[in-house]
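Chemist: Following is a predicted model, sequence given first.
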Amino acid sequence: MKFNASKVSLTKDENDVWIIGFIENESYANYVIIQYSNDVDEQELSLNWSKYYLELSNFGGSYNCISKINLTKNNLEIILNDSGSKKFNTNQILVYYSLNDLEYKNLLEELKTIFEDENDVTFNVIT
């Protein structure tokens with residue numbers, strides 16, 4: 001899956017859930033959303049849920065579905081693991097965007113926060 005995001009949104013909701021959204025256009029026909037919560041309970045751990053949740057337009061969402069993240073100033077590449085590839089019917093999600101330096105720095109920091117403790121996800125920043 002590839003698309004150009006016209007908007008990148010970084011928010012935190014009232015339940016302290018971090019949300020990163022990449023939206024292609026105002027119709028929300030194509031989007032990628034990464035949600036993150038540091039508050040994981042015993043039930044979630046028993047279900048093997050990760051702290052992050054990936055959602056794609058037309059496919060729903062999944063926990064523990066990413067094997068690698070490659071971040072550059074102009075794009076985000078998400079490489080899916082086997083379960084993610086089956087769920088989303090692809091092995092790669094590539095999102096192109098245009099961010100100023102501050103927006104890119106904020107995106108980088110949020111992605112680091114989300115994936116720094118995920119042992120099954122490799123997080124790369126490519127300059």
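Modeler: Sure thing, it's come through. Nothing here was measured: the structure is a model prediction, and the numbers come from that model.
Chemist: How is the most centrally placed residue in the chain assigned, secondary-structure-wise?
Modeler: Residue closest to the average C-alpha location in the chain (Cα atoms, centre = their mean): residue 34, at 3.5 Å. Secondary structure assignment for residue 34 (DSSP: H, G, I helix; E, B strand; the rest coil): strand.
Chemist: who touches the helix or strand that contains residue 109?
Modeler: Taking DSSP states H and E as the criterion, the element that holds residue 109 is helix 101-115. Residues outside helix 101-115 that contact it (Cβ atoms under 8 Å, 6 or more residues apart in numbering): 8, 10, 18, 20, 34, 36, 51-52, 66, 69, 71, 73, 76, 99, 121, 123, 125. Where you see a C-beta, it was placed from the backbone N, CA and C, and this is true even at glycine.
Chemist: coming back round to it: residues in a beta bridge with the residue nearest to the residue nearest to the centre of the chain when sequence neighbours are not counted, which ones?
Modeler: Excluding its sequence neighbours, the residue lying closest to residue 34 (Cβ to Cβ, 6 or more residues apart in numbering) is residue 20, at 4.5 Å. Bridge pairing for residue 20 (DSSP bridges) gives the partners residue 10, residue 34.
Chemist: Which pLDDT value belongs to residue 99?
Modeler: We note a pLDDT of 97 for residue 99 in this prediction.
Chemist: ok so, going back, is there a neighbour count for the residue nearest to residue 34? I'd like the number.
Modeler: 20 (other Cβ atoms under 10 Å).
Chemist: what's the nearest residue to residue 22 if we skip its chain neighbours?
Modeler: Once flanking residues are discounted, residue 22 sits nearest to residue 5: 4.0 Å by Cβ to Cβ, 6+ apart.
Chemist: how far away is the one you found from residue 104?
Modeler: Distance of residue 5 to residue 104, computed by Cβ to Cβ, to the nearest Å: 13 Å.
Chemist: More neighbours: the two, which one.
Modeler: Neighbour tally, residue 5 and residue 104, criterion other Cβ under 10 Å: the higher count belongs to residue 5, 21 against 17.
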